[in-house]
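> The following block contains a protein sequence and its predicted model.
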Amino acid sequence: MHDMTGGHDVKTGAMVVLPDGEAIAQHMAKWLTGQALAKQDGPFVLALSGGSTPKRLYQILASADYRDRFPWARTQFFFGDERFVPPGDAASNYHMVETEMLAHVPVPAQNVHPMPTSGDPAQAAARYQAELEKVYGGTTLEAGRPLFDVVMLGLGDNGHTASLFPRQPVLEERRLWVSTCVPDDAPHTRLTLTYPAIHSSRHVVFMLAGAGKRAAFAKVRAGDPTEPASHITTEGELIWLMDTAAAGQ
């Protein structure tokens, strides 16, 4: 489960197919808790995602079964992307995660790192990168020393993941860890982790539920270069955690 020698991409990543979204969320809660408990040589660094299946995951992690077992004090919670809206806005990923999980578990406030969403978006992205650099202990990503233990991702109908949207300059970003994106087919300016930041990970986990994901998944799994998610790589392990409808089975 910790292949750090060659890395993986969307074509070589393992597929785990489960009956439905509830099964995905339950599986992810168990797996994520196991990964967090196993990490002993430093903090467990996690990049969270928005979406309905992760929302159910967060509810499970806040339940009695997990609340008392998950190593909250040893985990650093970052976000993979965020809409540039106030933290209490219904469209905010942070707001969803706070409401469904963080408000109900014993996590130290300093371990939670919402993306800043005030002022100039580019400057906000730079502030978030500085926050990541502080936890990483450096300003240059090094092979074999991943920034994240787990990056959680979804997949949009248009092939976007995190807030890496089609046709946007952020897809060409190879230096910054965090950047801005203004989609031409979705609302809100966004902040997002970039490809190199996501690559610096022990695990990338896509969570896909529902038949609506099937067409986009088929394109990305085939490596269609027009789909932003097709370019996701990790120096560790990539997992497609999906239901039978999304997998077309």
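Arrived safely. Quantities reported herein were computed from a predicted structural model and do not represent experimental measurements.

> hmm, what's the outermost residue in the protein?
Distance from the C-alpha centroid of the chain, by CA atoms, centre = their mean, peaks at Gln249 (25.1 Å).

> how deep is the nearest residue to that residue once chain neighbours are set aside tucked in, by neighbour count?
Ranked by CB to CB, 6 or more residues apart in numbering and with sequence neighbours excluded, the top spatial neighbour of Gln249 is Val17, at 6.0 Å. For every residue, glycine as well, the C-beta is placed using N, CA and C. Using other CB atoms under 10 Å, Val17 has 17 neighbouring residues.

> show me the contacts for Val17.
242-244, 247, 249 (CB atoms under 8 Å, 6 or more residues apart in numbering).

> What subset of the residues you listed is buried?
242-243, 247 (16 or more other CB atoms under 10 Å).

> Can you check which helix is longest in this protein?
Longest helix of the chain, by residue count under DSSP state H: helix 21-38.

> could you dump the buried ones among the contacts of Val17 to JSON lines with distance to Ile24 and pLDDT?
Shown next, in JSON lines, are the buried ones among the contacts of Val17 (distance: CB to CB, whole Å; pLDDT from 0 to 100):
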{"residue": "Met242", "distance to Ile24": "7", "pLDDT": "97"}
{"residue": "Asp243", "distance to Ile24": "6", "pLDDT": "97"}
{"residue": "Ala247", "distance to Ile24": "11", "pLDDT": "95"}
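
> Reformat those as CSV; add distance to Val150 and secondary structure.
Shown next, in CSV, are the buried ones among the contacts of Val17 (distance: CB to CB, whole Å; DSSP: H, G, I helix; E, B strand; the rest coil):
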residue, distance to Val150, secondary structure
Met242, 17, strand
Asp243, 20, strand
Ala247, 21, helix
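
> so the residue nearest to Gln249 sits in a strand?
Yes. Applying DSSP: H, G, I helix; E, B strand; the rest coil, one finds Val17 inside a strand.

> Report pLDDT for the closest residue to Thr189 other than its chain neighbours.
Setting aside the residues directly before and after it, Thr189 is nearest to Phe84 in space (CB to CB, 6+ apart), at 4.1 Å. If you check Phe84, the pLDDT there is 97.

> Touching, Phe84 and Pro121? I think so.
Yes. Using CB atoms under 8 Å, Phe84 is in contact with Pro121, at 5.5 Å.

> Looking at these two, which is more packed in?
Set side by side, Phe84 and Pro121 show more neighbours around Phe84, with 23 against 18, by other CB under 10 Å.

> What residues does that one make contact with?
Here Phe84 is in contact with 117, 121, 124, 180, 188-191 (CB under 8 Å, 6+ apart).

> same question, Gln76
By CB under 8 Å, 6+ apart, the residues touching Gln76 are 43-46, 111, 113, 135.

> What subset of the residues you listed is buried?
Neighbour-count burial (16+ other CB under 10 Å) is assigned, among those, to 44-46, 111, 113.

> quick check, nearest of those to Leu32?
Lowest distance from Leu32 to the buried ones among the contacts of Gln76 (CB to CB) belongs to Leu46, with 7.7 Å.

> confidence score at the closest one?
pLDDT at Leu46 comes out at 98.

> nearest spatial neighbour of the spatially most central residue of the chain, skipping sequence neighbours?
Note on the chain: the residue nearest the mean C-alpha position is Met152, at 2.9 Å, using CA atoms, centre = their mean. Spatially, and ignoring its direct neighbours in sequence, Met152 is nearest to Ser49 (4.3 Å; CB to CB, 6+ apart).

> what pLDDT does the one you found get?
Looking at Ser49, its pLDDT reads 97.

> Is there a neighbour count for Gln59? I'd like the number.
Gln59 has 15 neighbours, counted by other CB under 10 Å.

> list the buried ones in the one helix or strand it maps to?
Using DSSP states H and E, Gln59 sits in helix 52-61. Residues of helix 52-61 classed as buried by neighbour count (16+ other CB under 10 Å): 53-58, 60-61.
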